[in-house]
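1. Take this sequence and fold it.
(2 chains, ligands or ions: 2)
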Amino acid sequence: MSITVENLSYVYLPDTPMQKQALFDVSVHIDDKEFVGIIGHTGSGKSTLIQHFNGLVKPTSGRVLVDGVDLTQKGVNLRAIRRKVGMVFQYPEHQLFGETVFEDVAFGPKNSGVPDAALEDRVREGLAMVDLDLDVLRERSPFELSGGQKRRVAIAGVLAMKPAILILDEPTAGLDPRGRDEILSQVQSLYQAWDLTVILVTHSMEDIARMAKRLIVMDHGRIALDGTPQDVFSNADKLRSMGLGVPQVTTLIHELHRRGLVQRRDIFTLDEAESEITRVLELKRHGNA
Amino acid sequence: MAMLRNITIGQYVPGDSWIHRLDPRTKILATMALIALLFLVQSFPGYGFAALYVLAAVYVSKLPPRYVIRGLRPLLVIIILTLTLHIFMTDGRVLWQWGFISITWEGLVRGAMMGTRLVLLVLGTSILTLTTSPIHLTDGIESLLKPGKPIGIPAHELAMMMTIALRFIPTLLEETEKIMKAQMARGADFESGNLLQRAKNLIPLLVPLFISAFRRADDLAVAMEARGYRGGEGRTKFRELQFAVRDGACLAGVTVFTVVVSVLF
Ligand SMILES: Nc1ncnc2c1ncn2[C@@H]1O[C@H](COP(=O)(O)OP(=O)(O)OP(=O)(O)O)[C@@H](O)[C@H]1O
Ligand SMILES: [Mg+2]
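-> Ligands and ions are numbered 1, 2, ... in the order given. Predicted coordinates:
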């Protein structure tokens, strides 16, 4: 499933003193099975943009097409679209309401017409994708779980709908580093296991650089940069002017590259940088010996 | 959903007009004068003067008139209801009759008066809230209620409760919108079905909303205690309310206007 956005503008609270234009003439195409990262400073319009992708927000002007269906047309079946475009909101645990974990996770699939007999499997599968076990949690109240577990149950509630496109709005906000890595690696394995299109919104360059094949950088309601992490990070100055940074490792590698010490520039993680630098050092030592 | 954000009552619009800079007590008293005026005058010229008063206030406040008028929207039903009740239910000279339904001249007059009274009441009070930040408003109310302390009016507590309530209205609206969106993304439907069905569909919205309200209340209580809050006793203020010359001028003008208009009309 693909998403196409054409000349999208959006204004919050039009015709009031609090009027605020959040998006300016944004056009973008996201292909089937892409893994796209959306980054940008706070208030740059990331959340507003993605909420157009399943019709939660209606464009002030412009069009949004999901799999060729124009969401701005009258009479579009938005519920059918929302079944296919799963969206995990910022702090998704704030949406939990069920008396039991089962009830909560089953809410989405139930609404999208999954028969009762198949619900069990859906819930089990959704929970399994975030490393939770239905048999342990089934009758537990979601409110007595730990913060990290709550978040995962909430994400499972979206996964249980088996969307074709998964959109996550800062899924790691407020988690400790370990919780963050767990969620991100679960998203990564989901992407591979389910053949999904994934759109991940984040503040963190470090997180996104190693996962996404494509980065879209938003700035003041416009798309400022769009390309591979490599392309995007080569605009370090522009990124800094937008209040964003380049991963520190990448800055280091770029500097080493500039001095002719390493060949590669497309390194975004500490592990990769370590092995590249060790490799170069090894080569040097052998060369000198 | 967008509707939630259209609620302008209690919404403060920052600005720097003459009215914005008035002492909140002056504005509260002036609003009370308007209310008194609206209940004292009994004739159309009287309402005309009251309308003039409100229009002048809107003009001086530099608020977009359309935005002020929008504040009437949530009350439209009540206004129309009042109007119809008066038009059809008053005895008097019959102008038009169809079966047992009749419109009388007196009904028309009273309906129009009541409608005008309500509209002016809402517009007048919304100018107060639109030009006064919630903090100033409650400071003003506290200061005006203070003389009632000896007879057991808990001025400070009332003001604090009001500040908190006002402070959290936008937050809760925002929260409602967010949770609604999150549940709609999971296929929830808040718009169709019969009454019972709709009420049931609200559970996924109300449960998280209550939980978040309690969480916020708890956080706020802890934060207040941590900063040493222990009620109004001996508490000093960072912003002392201070009457200025313009407040005196405004109050004098308003008093004279109200007295003259309500005596004459
Ligand atoms: N419900 C709303 N009503 C009014 N204005 C809003 C609303 N939501 C967002 N805005 C405004 O629109 C702009 C874009 O907001 P948006 O939430 O899309 O940014 P964001 O990039 O997701 O930011 P963050 O990283 O903080 O989540 C901001 O200036 C914000 O103040
Ligand atoms: Mg956001």
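
2. which residues in chain B form strands?
-> With DSSP state E, the ranges of strands along chain B come out as B:94-98, B:101-104.

3. Please identify which of these is closest to A:V57.
-> Ranking the strands of chain B by their distance to A:V57 (criterion: CB to CB) puts strand B:101-104 first, at 46.2 Å. Using the backbone N, CA and C atoms, a C-beta is placed for each residue, glycine as well.

4. who touches the closest one?
-> Contacts of strand B:101-104 with the rest of the structure, by CB atoms under 8 Å, 6 or more residues apart in numbering or on different chains, involve B:87-88, B:90-97.

5. For A:L23, grab the count of nearby residues.
-> 26 (other CB atoms under 10 Å in any protein chain shown).

6. Equivalent analysis for B:A57, please.
-> Counted with other CB under 10 Å, residues neighbouring B:A57 total 22.

7. and the nearest residue to A:D131 once chain neighbours are set aside, what does it touch?
-> Of all residues beyond its chain neighbours, the one nearest A:D131 is A:Q186 (6.7 Å), with distances taken as CB to CB, 6 or more residues apart in numbering or on different chains. Neighbouring residues of A:Q186 by CB under 8 Å, 6+ apart: A:129-131.

8. Show me the shaky parts of the chain.
-> Defaulting to chain A. Within chain A, the stretches falling below the threshold (pLDDT under 70) are A:288-289.

9. Wait, chain B was what I had in mind.
-> Per-residue confidence of chain B (counting by pLDDT under 70) places the weak regions at B:1-10.

10. re earlier: nearest approach to B:M161 belongs to which of the strands of chain B?
-> strand B:101-104 (45.6 Å).

11. Now do stretch A:118-135: distance to the chain's middle.
-> Averaging C-alpha coordinates over stretch A:118-135 and over its chain gives two centres that are 21 Å apart (CA atoms, centre = their mean, to the nearest Å).

12. would you list every one of the helices in the stretch 51-200 of chain B?
-> B:65-70, B:76-89, B:105-131, B:134-145, B:155-185, B:195-201 (DSSP state H, counting those that start in this stretch).

13. Generate CSV for these, with distance to B:V260 and mean neighbour count as supplementary columns.
-> Supplementary listing: the helices of the stretch 51-200 of chain B in CSV, determined by distance: least, CB to CB, whole Å; neighbours: other CB atoms under 10 Å in any protein chain shown:
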stretch, distance to B:V260, mean neighbour count
helix B:65-70, 26, 15
helix B:76-89, 28, 14
helix B:105-131, 18, 19
helix B:134-145, 24, 19
helix B:155-185, 32, 17
helix B:195-201, 52, 11
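
14. tally of neighbours for A:K20?
-> Taking other CB under 10 Å as the criterion, the count of residues near A:K20 is 13.

15. wait, it sits on A:Y12?
-> Yes: using CB atoms under 8 Å, A:K20 is in contact with A:Y12, at 4.6 Å.

16. residues touching the residue nearest to B:G231 when sequence neighbours are not counted, list them.
-> Across the structure, with CB to CB, 6+ apart as the measure, the residue nearest B:G231 apart from its sequence neighbours is B:H156 (6.7 Å). Contact partners of B:H156, counting by CB under 8 Å, 6+ apart, are B:142, B:231-232, B:235.

17. swap the cut-off to 7 Å and go again
-> By CB atoms under 7 Å, 6 or more residues apart in numbering or on different chains, B:H156 lies in contact with B:142, B:231-232.

18. before we move on, the earlier item: what helix or strand is the residue nearest to A:D131 on?
-> Taking DSSP states H and E as the definition, A:Q186 sits inside helix A:177-194.

19. which SS class is A:E6?
-> strand (DSSP: H, G, I helix; E, B strand; the rest coil).

20. Quick check, it in contact with A:D70.
-> No: at 9.5 Å, A:E6 and A:D70 do not qualify as touching, with contact defined as CB atoms under 7 Å.

21. what about those two, which has more around it?
-> Neighbour count, other CB under 10 Å: between A:E6 and A:D70, A:E6 has more, with 17 against 13.

22. Could you measure from the more buried one over to chain B?
-> Between A:E6 and chain B the computed distance is 22 Å (CB to the nearest CB, to the nearest Å).

23. List the beta-bridge partners for that residue.
-> For A:E6, the residues forming beta bridges with it (DSSP bridges) are A:R63.

24. Who are the contact partners of it?
-> For A:E6, the residues meeting the contact criterion (CB under 7 Å, 6+ apart) are A:27, A:62-63.

25. What's the end-to-end length of stretch A:42-54?
-> Stretch A:42-54 has an end-to-end distance of 22 Å (criterion: CA to CA, to the nearest Å).

26. List the contacts of it.
-> Contact partners of stretch A:42-54, identified using CB under 7 Å, 6+ apart, comprise A:3, A:5, A:8, A:10, A:22-23, A:26, A:38, A:40, A:57, A:59, A:64, A:66, A:81-82, A:85, A:87, A:167, A:169, A:199, A:201, A:218-221, B:181, B:185.

27. Next SSE downstream of the strand or helix carrying A:T250?
-> Per DSSP H and E, A:T250 falls inside helix A:248-258. Sequence-wise, the next helix or strand beyond helix A:248-258 is helix A:270-288, with elements assigned using DSSP H and E.

28. Neighbour-wise, give me the winner out of the contacts of strand B:101-104.
-> For the contacts of strand B:101-104, neighbours tallied by other CB under 10 Å; top is B:I87, 21 neighbours.

29. circling back to that earlier point, closest to A:S112 out of the helices of the stretch 51-200 of chain B?
-> Put simply, out of the helices of the stretch 51-200 of chain B the one that sits nearest A:S112 is helix B:155-185, at 11.1 Å, with distance taken as CB to CB.

30. could you check the angle helix B:105-131 makes with that closest one?
-> Orientation of helix B:155-185 against helix B:105-131 (axes from the mean of the first three to the mean of the last three CA atoms, to 10 degrees) gives an angle of 90 degrees.

31. Centre of the chain to helix B:155-185, how far?
-> Counting by CA atoms, centre = their mean, helix B:155-185 comes out at 16 Å from the chain centroid.

32. and what of stretch B:82-95?
-> Between the mean C-alpha location of stretch B:82-95 and the chain-wide mean there is a distance of 28 Å, by CA atoms, centre = their mean.
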